[in-house]
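In: Next one to model:
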Amino acid sequence: FLMAWVGLVDREKGLVMPAARAGEASYFLDQITVRLDDTPEERGPPGTAVRTGRHVVIPDLATEPTVAPWRERMLEHGFRTIGAFPFRVRGEIAGALTVYMPEPGTIGDEETALLAELSADLGYALETIEERAARREGERALREAEEKYRGIFENAIEGIFQTAPGGHFITVNSSFARMLGYDSPEAVLSAIHDTRNQLWVRPEKRDEYRRLLDTHGFVRGFERELWRKDGTILWASESSRAVRDSTGAVEFYEGTLEDITERKKTEQALAHSRETMKELLDASPDATLLLDLDWVALACNRVMALGLGKSFTEIVGSPVLDLLPPGIAQARRLRGEEAARTGKTVRFRDERAGRTFDNTLVPISNRAGSVTQLAVFARDITERQQLEAQLLQAQKMEAVGRLAGGVAHDFNNLLTVIQGYGEILVTSLAGDESRREEVAEILNAAERATTLTRQLLAFSRRQVLEMRDLDLGAVVADTEKMLRRLIGEDIELV
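Out: Numbering: from 1, shown residues only. Now for the predicted structure:
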């Protein structure tokens, strides 16, 4: 043959690209382009063979009408017989083996069969080469994946493990061993043979975990307590799945473990803090409420719940203003808007059901400085106001007493003078009985005034009371004459 070449199909370019060539006229390939188009110019043997999937043999180029567009050029290079034999790789046409002979009729039936077999062998060889290359690539990718997986497995922050259905570990990574307080994965594998009884603080939780895995095939975020090597407790969150064989039986379980001990401690501390805060709120005598800016209750204490006549669960999450009379609700809303707008504490009083309340609205801001919540403190000051009124009255009475004491003291000085001169006058009227009786009345009135003065001094606490028996009849009789002169004619003294 003058030339033989192997062309491979490039469907993206629409060409049959030379892959190998041989023969003294192989330079001819540099002068031609074999396309996959079905046009007269492209209906040569190689293009036709790869398009149709059948071999093409032209016994004599000089007489074959289909080669008219390029006959002269082919003849100039000495070609008389051409045979193109397609080959397949994995069932698809991949290319063609094309031979050029200098004599007409040199590719008969025997040569056609031989070249067709050779073309098929070529396709098989190419397929084998590709498979080997693909296998080598797959093996390389597998090695890289294994190395990558091993790196992830060994360096992962989370603990990674595989356990058998019987309860022993198949493999664990370094992080898993470190979480449990062991020096290495090998130490874990040699020390723990029964995870249920050796590892789980509450073995019944492991039974629950297995039921979830067997039912759903996976578990996410399963929180549990595990024993560490030193006897302390590790809180862990586990996500795992069941790996089954072709029959559906569980081969092993695999998953990851996250250490959430610190998170649990924080949650417990937060829960304790919330409980303590609730106890403090409930111990407060003031009704206390935490609201968002729509007056929806976020928290409240016992006093507030009693005041509103609702349970804690009925209040939290509900619009508080709906629980108040319309007028009070509107006033509260305006006060809340003022506190939220100004960012300043607002204080006011209001009356509800005959009680007086001293209210304080405290705006609460986020880190950005925006008011997001309101704290409400309401103190019932009804009793305090009553006590204040009583105190004021007592202070008034004390002032009156002091005034009365001062007046009584001065008046007593005057009465002393009156009594002294009255006694002198009585002595000077020793022979005049009628005049002595009149002066005696003056002295009796002064004595009664002195008694009244002592009472005023006792009221003002400036004199100790003298306790003695009193004859009311005698007192009335002594004052009869004075009373008759003082009362009007329309009043009869009996």
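
In: which helices and strands sit right next to the strand or helix carrying residue 445?
Out: Assigned by DSSP states H and E, residue 445 belongs to helix 433-459. Applying 3 or more CB pairs under 8 Å, 6 or more residues apart in numbering; DSSP states H and E, we find helix 433-459 packed against helix 382-428, helix 472-486. The C-beta positions use only the backbone N, C-alpha and C, and glycine is treated the same way.

In: any idea of the mean pLDDT for it?
Out: Average pLDDT, helix 433-459: 76.

In: picking up where we left off before, dump the helices and strands packed on helix 433-459 into CSV; add mean pLDDT as well.
Out: Converted to CSV, those look like this (pLDDT from 0 to 100):
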stretch, mean pLDDT
helix 382-428, 78
helix 472-486, 62
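
In: And the spatially most central residue of the chain, how far from residue 224?
Out: Taking CA atoms, centre = their mean as the criterion, residue 267 is the residue nearest the geometric centre of the chain, at 12.5 Å. Using CB to CB, to the nearest Å, residue 267 is found at 15 Å from residue 224.

In: angle of the helix holding residue 445 against helix 382-428?
Out: Orientation of helix 433-459 against helix 382-428 (axes from the mean of the first three to the mean of the last three CA atoms, to 10 degrees) gives an angle of 160 degrees.

In: How far away from the center of its chain is helix 433-459?
Out: Per CA atoms, centre = their mean, to the nearest Å, the displacement of helix 433-459 from the mean C-alpha position of its chain is 90 Å.

In: Ok, stretch 248-261 next?
Out: 26 Å.

In: What residues sit buried inside that stretch?
Out: 252, 253, 255, 256, 257, 258, 259, 260, 261 (16 or more other CB atoms under 10 Å).

In: again, but for stretch 117-135
Out: Buried positions in stretch 117-135, judged by neighbour count with 16+ other CB under 10 Å: 119, 122, 123, 126, 127.

In: how close does the first one get to residue 94?
Out: As for residue 119, its distance to residue 94 is 10 Å (criterion: CB to CB).

In: Need the residues touching each of these two.
Out: residue 87 (CB atoms under 8 Å, 6 or more residues apart in numbering).

In: So the residue nearest to the centre of the chain: helix, strand or coil?
Out: Here residue 267 is recorded as helix under DSSP: H, G, I helix; E, B strand; the rest coil.

In: go on, residue 276?
Out: helix.

In: about what we covered before: which one of the helices and strands packed on helix 433-459 has the most crowded surroundings?
Out: Comparing the helices and strands packed on helix 433-459 by mean neighbour count (mean count of other CB atoms under 10 Å), helix 382-428 ranks first with a mean of 13.

In: Surely residue 340 is in contact with residue 294?
Out: No - counting by CB atoms under 8 Å, residue 340 does not reach residue 294; the two are 10.6 Å apart.

In: Show me which of the two is the more surrounded one.
Out: Neighbour count, other CB atoms under 10 Å: between residue 340 and residue 294, residue 340 has more, with 19 against 10.

In: Would you double-check that the more buried one falls in a helix?
Out: Yes - checked against three-state DSSP, residue 340 lies within a helix.

In: Contacts only, for it.
Out: 293, 363, 371, 374.

In: What sits closest to it if chain neighbours are left out?
Out: Once flanking residues are discounted, residue 340 sits nearest to residue 371: 4.7 Å by CB to CB, 6 or more residues apart in numbering.

In: which residues touch the one you found?
Out: 293, 339, 340, 343, 363, 364, 365.

In: so the fifth one sits in a strand?
Out: Yes - Residue 363 forms part of a strand when assessed by three-state DSSP.

In: List of residues touching stretch 222-236?
Out: So stretch 222-236 is contacted by 159, 179-182, 191, 198-202, 205-206, 209, 212, 237-240, 257-261, 263-264 (CB under 8 Å, 6+ apart).

In: Distance of the residue nearest to residue 340 relative to residue 297?
Out: Relative to residue 297, and taking CB to CB, residue 371 is found at 17 Å.

In: do residue 38 as well
Out: Separation of residue 38 from residue 297 (CB to CB): 81 Å.

In: Could you do residue 95 as well?
Out: Using CB to CB, residue 95 is found at 80 Å from residue 297.

In: repeat for residue 222
Out: Counting by CB to CB - residue 222 and residue 297 are separated by 34 Å.

In: The two - which one has more neighbours?
Out: In this view residue 222 and residue 297 are compared by other CB under 10 Å, and residue 297 has more residues nearby, 23 against 17.

In: Let me know the secondary structure of the more buried one.
Out: With three-state DSSP as the basis, residue 297 sits in strand.

In: All the helices of the stretch 101-250 of the chain, in order from the start?
Out: 109-155, 174-179, 185-191, 195-198, 203-216 (DSSP state H, counting those that start in this stretch).

In: And stretch 231-240, what's buried?
Out: Under the neighbour-count criterion of 16+ other CB under 10 Å, stretch 231-240 has 234, 235, 236, 237, 238, 240 buried.

In: Could I get the contacting residues of the fifth one?
Out: Applying CB under 8 Å, 6+ apart, one finds that residue 238 lies in contact with 209, 219, 221, 222, 223, 224, 255, 256, 257, 258.

In: Inside strands: which ones of these?
Out: Of the contacts of residue 238, the ones assigned to strands by DSSP state E are 219, 221, 222, 223, 224, 255, 256, 257, 258.

In: neighbours around residue 268, how many?
Out: 11.

In: same deal with the one 4 residues further on?
Out: For residue 272, the number of neighbouring residues by other CB under 10 Å comes to 10.

In: Work out for me the element it sits within.
Out: Counting by DSSP H and E, residue 272 is part of helix 261-283.

In: Who are the packing partners of that helix?
Out: strand 233-244, helix 302-308.

In: Let me know the angle separating the longest one from helix 261-283.
Out: Meaning strand 233-244. 120 degrees.

In: Show me where the stretch 1-150 of the chain dips below the pLDDT cut-off.
Out: Counting by pLDDT under 70, the stretch 1-150 of the chain has low-confidence residues at 40-42, 146-150.

In: Mind jotting down where the strands sit in it?
Out: Taking DSSP state E, counting those that start in this stretch as the criterion, the stretch 1-150 of the chain carries its strands at 3-10, 15-22, 56-58, 81-89, 92-101.

In: Any chance of a markdown table for those strands, columns distance to residue 348 and mean neighbour count?
Out: Listed next are the strands of the stretch 1-150 of the chain as a markdown table, based on distance: least, CB to CB, whole Å; neighbours: other CB atoms under 10 Å:
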| stretch | distance to residue 348 | mean neighbour count |
| --- | --- | --- |
| strand 3-10 | 87 | 20 |
| strand 15-22 | 90 | 16 |
| strand 56-58 | 104 | 20 |
| strand 81-89 | 90 | 24 |
| strand 92-101 | 88 | 23 |
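
In: Out of these, which is closest to residue 174?
Out: strand 81-89 (46.8 Å; CB to CB).

In: could you dump that closest one to CSV, C-alpha only?
Out: Below are the C-alpha coordinates for strand 81-89, written out as CSV (Å, rounded to 0.1, in the frame of the first residue of the first chain):
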residue,chain,number,x,y,z
THR,A,81,-7.9,1.5,-4.8
ILE,A,82,-9.1,2.8,-1.4
GLY,A,83,-10.7,0.9,1.5
ALA,A,84,-12.0,2.5,4.7
PHE,A,85,-13.0,0.3,7.7
PRO,A,86,-14.8,1.9,10.7
PHE,A,87,-14.2,0.6,14.2
ARG,A,88,-16.1,1.0,17.4
VAL,A,89,-15.1,1.8,21.0
